[in-house]
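Colleague: Here is my input; please provide its structure:
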Amino acid sequence: MKKYISVLLIVVMASIGLAACGSLSSDNSNNKKIKVVTTIFPEYDWVKEIAGNGNDNIELTMLLDNGVDLHSYQPTASDIMKISDCDLFIYVGGESDSWVDGVLKEAVNKNMKVINLLDVLKDEVKTEEAMPGMQAEEDHNHGYSHFADSDVQDRTLADWAGDWQSVYPYLEDGDLDDVMEAKAETGEKNAAEYREYYEKGYKTDVSGITINDSDNTINFVRNGISSKGVYEYKGYQIYDYVSGNRGVRYFFEAVTKDDNAPEYVQFSDHGIAPGKAEHFHIYMGNDGFEALSEEMDNWPTYYPAGMTGTQIADDMLEHEEKEYDEHVWLSLRNAKTLCSAIADNLAEADPEHKDMYSTNFAIYAEKLNSLDRQYQENVKNSATETLLFGDRFPFRYMVDDYGLNYYAAFAGCSAESEASF
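Modeller: Here you go, the predicted structure:
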């Protein structure tokens, strides 16, 4: 798709260059309209409210037609031409608009003002959330960070069955350096500090683990020597972390074992119900479950034995990439912030009418405030605080604004998901 966009850009820019040769004089005329291009309807509607429906000075264009999905949209040659010479371009940002950067780099109007909704909201932007019962996209599994105690279910060794390898040697060899760099880009530590943190977290002398659910055995390879035990499920414990996230560890105790096999084992794979683990953290020892439960600094981590260091790093990097929920317009409070940015940019592009834009924004902001108050009142007086949604869930911002709970079939941007049986 990137190659398609690049070729399309070359063709479009050549066309614009030829057209521009005969249109420079008209662009410099005093009667030039302010060209505004938006990708989706909420942006389009906001501009209409702020500019005024009868404002002939604005030439307003919306790119996505009715029925076009934001998450799969790709611009046509005509769309690229409209963006290239507009005065104000408004788009959502995020993964669905990954095509925008290439188009803007080749834009003819170098004085164009650009509004990226996610950039305007900054820290108010939320990442996509996985809720219990929500079907993940194929090849992409979210860990649950928020859940009710009642959502947690018992699990068996079948969820962790197979041959596993420690990631610790790959950290030592430098295969995970890119992962540490990626963490530093969004976290509070630099890459060296993250490496030191994971050095302590991943450290283990158990290089491999084989789990067989048919006889409930776990085989540990420690310093080249194997030891095995038969383990029985003993329940789980829910953890509430300082960060605000939650987690679950599943407990197994040895029924019989070799001398070097641990008596007690806890698994954590970010799951809260039966399901095959993609990787896991393990806590093991002989001093009881309570002692293991107090361990927060060392969590040896294991990936399938057949994976290379590069493949493990790629998988970790994929989990590092934050998937932002792009449906920012479905919060009335966000809408007010975004409309303020639109009003400011229209005033800069068209200073002659800046007072009108300011007045229209104030009127529209009060409409948003009034509607917000109605939402608050209805939620306050409602006997139900949970939404059930049988589709992709776009209302994360709205439910968070009013303290509502929700369950949904799919995450908001899971465009490729189809209902399982």
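Colleague: where along the stretch 301-421 of the chain do the helices fall?
Modeller: 309-320, 332-349, 354-380, 396-401 (DSSP state H, counting those that start in this stretch).
Colleague: what about Glu295, which helix or strand?
Modeller: Per DSSP states H and E: Glu295 is located in neither a helix nor a strand.
Colleague: any chance you could read off phi and psi for it?
Modeller: phi -80, psi 120 (degrees, to the nearest 10).
Colleague: Just tell me which of the helices of the stretch 301-421 of the chain ends up closest to Lys48.
Modeller: helix 354-380 (9.6 Å; CB to CB). The C-beta positions use only the backbone N, C-alpha and C, and glycine is treated the same way.
Colleague: wait, doesn't Phe395 sit right on Leu330?
Modeller: Yes. Between Phe395 and Leu330 there is a contact under CB atoms under 8 Å: 5.6 Å.
Colleague: Mind putting the helices of the stretch 301-421 of the chain into TSV with mean pLDDT?
Modeller: Formatted as TSV, these follow (pLDDT from 0 to 100):
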stretch	mean pLDDT
helix 309-320	87
helix 332-349	96
helix 354-380	96
helix 396-401	93
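Colleague: how about those in CSV, adding mean neighbour count?
Modeller: Listed next are the helices of the stretch 301-421 of the chain as CSV, based on neighbours: other CB atoms under 10 Å:
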stretch, mean neighbour count
helix 309-320, 16
helix 332-349, 20
helix 354-380, 14
helix 396-401, 19
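Colleague: Adding distance to Asp149, write those out as a markdown table.
Modeller: Shown next, in a markdown table, are these (distance: least, CB to CB, whole Å):
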| stretch | distance to Asp149 |
| --- | --- |
| helix 309-320 | 25 |
| helix 332-349 | 30 |
| helix 354-380 | 24 |
| helix 396-401 | 20 |
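Colleague: Just tell me which of those helices ends up closest to Asp205.
Modeller: helix 309-320 (18.8 Å).
Colleague: how about stretch 350-368 as CSV, C-alpha atoms only?
Modeller: This file holds the C-alpha atoms of stretch 350-368, laid out as CSV (Å, rounded to 0.1, in the frame of the first residue of the first chain):
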residue,chain,number,x,y,z
ASP,A,350,-8.4,34.3,7.6
PRO,A,351,-7.7,37.1,10.1
GLU,A,352,-10.4,39.3,8.5
HIS,A,353,-13.1,37.1,10.0
LYS,A,354,-11.4,36.1,13.2
ASP,A,355,-14.1,37.8,15.4
MET,A,356,-16.8,35.8,13.6
TYR,A,357,-14.9,32.5,14.2
SER,A,358,-14.4,33.4,17.9
THR,A,359,-18.1,34.2,18.3
ASN,A,360,-19.3,31.1,16.5
PHE,A,361,-17.0,28.9,18.6
ALA,A,362,-18.3,30.4,21.8
ILE,A,363,-21.9,29.7,20.8
TYR,A,364,-21.1,26.1,19.7
ALA,A,365,-19.0,25.5,22.9
GLU,A,366,-22.1,26.4,25.0
LYS,A,367,-24.1,23.9,23.0
LEU,A,368,-21.5,21.2,23.8
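Colleague: And that stretch, how far out from the chain middle?
Modeller: 33 Å (CA atoms, centre = their mean, to the nearest Å).
Colleague: mind listing the strands in this protein by residue range?
Modeller: 34-38, 58-62, 88-91, 113-116, 162-166, 206-212, 217-222, 225-240, 246-257, 264-268, 280-285, 301-304, 386-392, 405-410 (DSSP state E).
Colleague: Pick the most buried one from those.
Modeller: Greatest average neighbour count among those goes to strand 88-91 (a mean of 25), per mean count of other CB atoms under 10 Å.
Colleague: As TSV, the strands of the chain with mean pLDDT and distance to Ala182 would be great.
Modeller: TSV is the format used below for those (pLDDT from 0 to 100; distance: least, CB to CB, whole Å):
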stretch	mean pLDDT	distance to Ala182
strand 34-38	95	32
strand 58-62	93	36
strand 88-91	96	25
strand 113-116	96	22
strand 162-166	97	21
strand 206-212	97	25
strand 217-222	97	30
strand 225-240	95	25
strand 246-257	94	22
strand 264-268	96	22
strand 280-285	96	19
strand 301-304	97	16
strand 386-392	88	27
strand 405-410	86	26
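Colleague: got JSON lines for those strands, with distance to Ile312 too?
Modeller: Output for these, formatted as JSON lines (distance: least, CB to CB, whole Å):
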{"stretch": "strand 34-38", "distance to Ile312": "42"}
{"stretch": "strand 58-62", "distance to Ile312": "44"}
{"stretch": "strand 88-91", "distance to Ile312": "35"}
{"stretch": "strand 113-116", "distance to Ile312": "33"}
{"stretch": "strand 162-166", "distance to Ile312": "9"}
{"stretch": "strand 206-212", "distance to Ile312": "14"}
{"stretch": "strand 217-222", "distance to Ile312": "18"}
{"stretch": "strand 225-240", "distance to Ile312": "23"}
{"stretch": "strand 246-257", "distance to Ile312": "21"}
{"stretch": "strand 264-268", "distance to Ile312": "18"}
{"stretch": "strand 280-285", "distance to Ile312": "13"}
{"stretch": "strand 301-304", "distance to Ile312": "5"}
{"stretch": "strand 386-392", "distance to Ile312": "30"}
{"stretch": "strand 405-410", "distance to Ile312": "28"}
